[in-house]
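*Asks:* Just to be clear, the model below is a prediction. Sequence and coordinates:
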Amino acid sequence: MTATVTTPGPRRVRFPGKRAVLPWLFLAPALLLALVFKFLPMGKGVWLSFFDVRPFLGDKWVGLDNYTRVLSDHRFQDAIGHTLLLGLGMSLGGIVVGFALALLLEGQARSLKIIRTAVFLPVVTATAVVGEMWRLMYYPTSDGLINSGLGLLGLGPVPYLDNPDTALWATMAMGIWMLAPYNMVIILAGLAGVDRSLYEAAAMDGVSLWQRLRHITLPAIRPALGIVLTLAAIRGLRVFTEVYVLTGGGPAGSTDVWMTRAYTLGFTRNDIGGASAASVVLLCVTLLLTVTVNYLRKRGDAR
Amino acid sequence: MRLRRARPLAAALAVSGLLFGTAACGSGSGSARAGDPNTLEVWTRSDPESAQTYDRVFAAFTKKTGIKIDYQPVMNFDQQLQSRASTKDLPDVMINDTALMGSYQAQGLLKPIAPASIAGHDEITAKSWASTVGRDGRHYGIPYSRQAMTLFVRKDWREKLGLPQPKTWQDTLALAKAFATRDPDGDGKKDTYGMVVPGSAQNGYVAWWGASWLWQGGVRILEQDGSGYRPAMDSPAALRTVTWMKDNLFCGDNGVIQPSALTSVTANTTNFQDGNAGMYLTGPYNISTFDKALGKDKYEVLPAPSGPAGNNDVLADGENIYFGAKTGKAKLEQTLAAFLISPEGQTLAMTGDHQPVVRIPVNSTLDAAEVRHDPRWSVVQKAYETASVQFPNAPDFAPIKQDTADALNAIFTYCGSDVRSGLKELNDTLAGDLKDQELLK
């Protein structure tokens, strides 16, 4: 009987194989770009939020003062309310209108392609241009496009942007107009994956349009809706250009959102520390919201 | 097989190419030329139109001295400047608004200047030099251009309606109402407005435009008190003036001011040049625009009307030449500044086919109307010399202007609001701003 003893050979150091390195190599350009243009500035922003920023006199450590100042400023508090309202309204409005557009424009016909392209135009137009265009459309006399339409019905003219009661809603309408076509494209992609035979079966069973939407279409496009909702929530919270061009945050701060306040603090009042703190707060809220939306989406998927 | 082997190589090349590109991008704008000891990097807050005038001025300077200029006209000046400040790499020379000097000084962006070190410094008046003294008593800018607001009025409309040139607030209001209601353009429609107002709080516009009305009402936003300041927006004069503005301009008869005033900034307040508003209290840089849009004969340039305080003071401002902190090209910078304030440099900047970048010359040997062969400029020069008030240059005025604008815009928006409590709140906010700057008395 011979005992077989397996002697362990010299321990080999395992170098990552070519197979493991290659994906990282391909990822490297994107990671490098993200690091230089996204994460380093972001880190710098977080760092600056704890300072009274004076590049040539030396930054002064102020701890959480900038945060306290920003969060206790009543204009920032109002801006939170406006941001949430605008973000929510634009997100939901954009999804509902985008969904409706997707249902209307679904199909293969050539004419639909042209209409879809036309409907998509607001997404590729610069926000500043859209803002100026809507400023003209909202012009508060009968010369304005929307008011001239109201005039035909014997109504108006309405000072959409110059009345603090209507300015935020008017901004929201423009935001929905810009967001909806973007959502439409994602939802259209989702709709393309819906099993047609389910519609046919539903038609044979004689179900109503609403039942078809609720029990076939909506469950089928749930992943697309999840993406749209996450993107819309992020876009809604960091809304800036629309408001800045359309109303500048006015009148009387009635359309001031978190980003316009941060911009004013940073570049009109030259308070870079305060503006950084405001931006960090927005980053935290956006992260929180994104994680929540994703959690709810996954829970919904699992069910 | 060959293709597969080539992949890692291609990826490595892509990464190194990207690294190289990133490093090249990160080396700073114009650094190749700005690093040259005989080149000055100069920034001005200019649109493409006025940048062409600067191009001409700097070309003449280079021809004369051999010093090269790396010129950058920057539209969003403050944003770009803050970005460059964060990298501690400022332009050598900057030309920007006088009212920003306190803000720049508070951030340590500027090099102090000894007026005697600038050739021709004695040709600048003491009044202009006084406007570049910082909080510590030292000069932080060299006056370059000055201007004061004047009232632009549609002469053809006024004469058609048979009304006199406005001399008082009441005349102005009556003229504005007539422009809005008596169809001065004769098209049979009610589509004209009395006065143009950039009344948005964005970037402090309503405070900038409204300052002249405040001065004429005997109001000061801040009052100097020894070495400090105290806010003065809760004075009886402020209450009277702001109430008058609110009741008569913003909440009065429809049409006295253009309909979108509360959200308008100067860039989108084009009613005067579009030909549907009759008056505009604004700076003289608009003269070339109005000449092109309306024609010289259609409008007149008048001194601002007198307010209840009995004066017709207007807001004066302008541009200074600033030297960026910690650059080692003092001699070159001084040579450029001396050229810019000389009769030759100022004349070049006041004339030409494009928008002039010097409005009222700071060089006292020059006369704006004579240089331009245009008597309208004497109205502006007289307003600057005899009836003008500037925003204080020593404190950081940026937050003061913004807070004043926020408060005025809110008061003018809510017609039912209580002006007294609005101004009291503003005064408290201004006190807080001054306290932050350790200047509250």
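*Replies:* That came in fine, so what should we check first?

*Asks:* how about low-confidence regions in chain A?
*Replies:* Where chain A drops to pLDDT under 70, the residues are A:1-16, A:301-303.

*Asks:* Quick check, central residue of it?
*Replies:* A:Arg235 (1.6 Å; Cα atoms, centre = their mean).

*Asks:* Thought A:Met178 was touching that one, still the case?
*Replies:* No. With contact defined as Cβ atoms under 8 Å, A:Arg235 and A:Met178 do not form a contacting pair (9.4 Å). Quick note: C-beta positions are derived from backbone N, CA and C, even for glycine.

*Asks:* Distance check, A:Ser72 against A:Asp65.
*Replies:* Distance, A:Ser72 to A:Asp65, by Cβ to Cβ, to the nearest Å: 11 Å.

*Asks:* the more surrounded of the two?
*Replies:* Shown here are A:Ser72 and A:Asp65; by other Cβ atoms under 10 Å in any protein chain shown, A:Asp65 has more neighbours (17 against 9).

*Asks:* what residues are up against that one?
*Replies:* Going by Cβ atoms under 8 Å, 6 or more residues apart in numbering or on different chains, A:Asp65 touches A:Asp52.

*Asks:* ok, 10 Å please
*Replies:* A:Asp65 sits next to A:Ser49, A:Phe50, A:Phe51, A:Asp52, A:Gly273, A:Gly274, A:Ala277 when contact means Cβ atoms under 10 Å, 6 or more residues apart in numbering or on different chains.

*Asks:* The residues you listed into TSV, with extra columns for secondary structure and neighbour count?
*Replies:* As requested, the contacts of A:Asp65 are exported to TSV (DSSP: H, G, I helix; E, B strand; the rest coil; neighbours: other Cβ atoms under 10 Å in any protein chain shown):
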residue	secondary structure	neighbour count
A:Ser49	coil	24
A:Phe50	coil	20
A:Phe51	strand	19
A:Asp52	strand	18
A:Gly273	helix	24
A:Gly274	helix	26
A:Ala277	helix	29
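
*Asks:* filter the residues you listed down to the ones close to chain B.
*Replies:* With Cβ under 10 Å from any Cβ of the partner chain as the criterion, the contacts of A:Asp65 include A:Asp52 near chain B.

*Asks:* quick one: the strands in the chain?
*Replies:* I'll assume chain A. Remark: strands assigned in chain A by DSSP state E are A:51-52, A:60-61.

*Asks:* Correction: the question concerned chain B.
*Replies:* Under DSSP E, chain B gives strands at B:39-44, B:68-73, B:93-97, B:142-148, B:150-154, B:193-196, B:222-225, B:228-231, B:277-282, B:299-302, B:314-323, B:360-361, B:388-390.

*Asks:* Throw the ones you listed into JSON lines and include mean neighbour count and distance to A:Asn163, thanks.
*Replies:* Converted to JSON lines, the strands of chain B look like this (neighbours: other Cβ atoms under 10 Å in any protein chain shown; distance: least, Cβ to Cβ, whole Å):
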{"stretch": "strand B:39-44", "mean neighbour count": "24", "distance to A:Asn163": "38"}
{"stretch": "strand B:68-73", "mean neighbour count": "19", "distance to A:Asn163": "38"}
{"stretch": "strand B:93-97", "mean neighbour count": "23", "distance to A:Asn163": "32"}
{"stretch": "strand B:142-148", "mean neighbour count": "27", "distance to A:Asn163": "34"}
{"stretch": "strand B:150-154", "mean neighbour count": "25", "distance to A:Asn163": "29"}
{"stretch": "strand B:193-196", "mean neighbour count": "26", "distance to A:Asn163": "18"}
{"stretch": "strand B:222-225", "mean neighbour count": "15", "distance to A:Asn163": "32"}
{"stretch": "strand B:228-231", "mean neighbour count": "20", "distance to A:Asn163": "30"}
{"stretch": "strand B:277-282", "mean neighbour count": "26", "distance to A:Asn163": "21"}
{"stretch": "strand B:299-302", "mean neighbour count": "21", "distance to A:Asn163": "31"}
{"stretch": "strand B:314-323", "mean neighbour count": "25", "distance to A:Asn163": "29"}
{"stretch": "strand B:360-361", "mean neighbour count": "26", "distance to A:Asn163": "40"}
{"stretch": "strand B:388-390", "mean neighbour count": "20", "distance to A:Asn163": "33"}
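
*Asks:* So for chain A, which of those strands sits nearest?
*Replies:* Closest to chain A of the strands of chain B, according to Cβ to the nearest Cβ: strand B:193-196, at 9.4 Å.

*Asks:* Wondering if that closest one reaches chain A at all.
*Replies:* Yes. Judged by Cβ under 10 Å from any Cβ, strand B:193-196 and chain A are in contact via B:Tyr193.

*Asks:* just checking, what packs against that strand?
*Replies:* Judged by 3 or more Cβ pairs under 10 Å, 6 or more residues apart in numbering or on different chains; DSSP states H and E, strand B:193-196 is in contact with strand B:150-154, helix B:169-181, helix B:271-274, strand B:277-282.

*Asks:* hmm, try it at 8 Å
*Replies:* Strand B:193-196 is packed against helix B:169-181, helix B:271-274, strand B:277-282, with contacts defined by 3 or more Cβ pairs under 8 Å, 6 or more residues apart in numbering or on different chains; DSSP states H and E.

*Asks:* CA atoms only: put that strand into CSV for me.
*Replies:* Written as CSV, here are the backbone C-alpha positions of strand B:193-196 (Å, rounded to 0.1, in the frame of the first residue of the first chain):
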residue,chain,number,x,y,z
TYR,B,193,-46.7,101.2,-24.8
GLY,B,194,-45.4,104.2,-22.8
MET,B,195,-42.2,103.1,-21.4
VAL,B,196,-39.8,100.1,-21.6
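
*Asks:* Distance of the nearest residue in space to B:Lys326 that is not next to it in sequence relative to A:Asp65?
*Replies:* Of all residues not flanking B:Lys326 in the chain, A:Phe56 sits nearest, at 6.8 Å (Cβ to Cβ, 6 or more residues apart in numbering or on different chains). According to Cβ to Cβ, A:Phe56 stands 21 Å off from A:Asp65.

*Asks:* What of A:Leu283?
*Replies:* Distance from A:Leu283 to A:Asp65, by Cβ to Cβ: 19 Å.

*Asks:* and stretch A:19-39, which residues are buried?
*Replies:* Buried residues in stretch A:19-39, defined by neighbour count with 16 or more other Cβ atoms under 10 Å in any protein chain shown: A:Leu25, A:Phe26, A:Ala28, A:Pro29, A:Val36.

*Asks:* Kindly provide the distance from the nearest residue to A:Pro157 once chain neighbours are set aside to A:Arg135.
*Replies:* Nearest residue to A:Pro157 in three dimensions, chain neighbours excluded: A:Asn147, at 3.9 Å (Cβ to Cβ, 6+ apart). Counting by Cβ to Cβ, the gap from A:Asn147 to A:Arg135 is 13 Å.

*Asks:* And for whichever residue of the stretch 101-250 of chain A sits closest to chain B, the neighbour number?
*Replies:* Chain B sits closest to A:Gly248 of the stretch 101-250 of chain A, with a gap of 3.0 Å, by Cβ to the nearest Cβ. Applying other Cβ under 10 Å, we find 24 residues neighbouring A:Gly248.

*Asks:* and what of A:Arg269?
*Replies:* Neighbour tally, A:Arg269, other Cβ under 10 Å: 20.

*Asks:* I'd assumed B:Pro399 was in contact with it.
*Replies:* Yes. Counting by Cβ under 8 Å, A:Arg269 touches B:Pro399, with 4.6 Å between them.

*Asks:* Residue of chain B nearest chain A, please.
*Replies:* B:Gln202 (3.0 Å).

*Asks:* Return the residues in contact with the residue nearest to that residue when sequence neighbours are not counted.
*Replies:* Distances taken as Cβ to Cβ, 6+ apart place A:Gly248 nearest to B:Gln202, at 3.0 Å, with adjacent residues excluded. By Cβ under 8 Å, 6+ apart, the contact list for A:Gly248 reads A:Thr260, B:Ser200, B:Ala201, B:Gln202, B:Asn203, B:Thr263, B:Val265.
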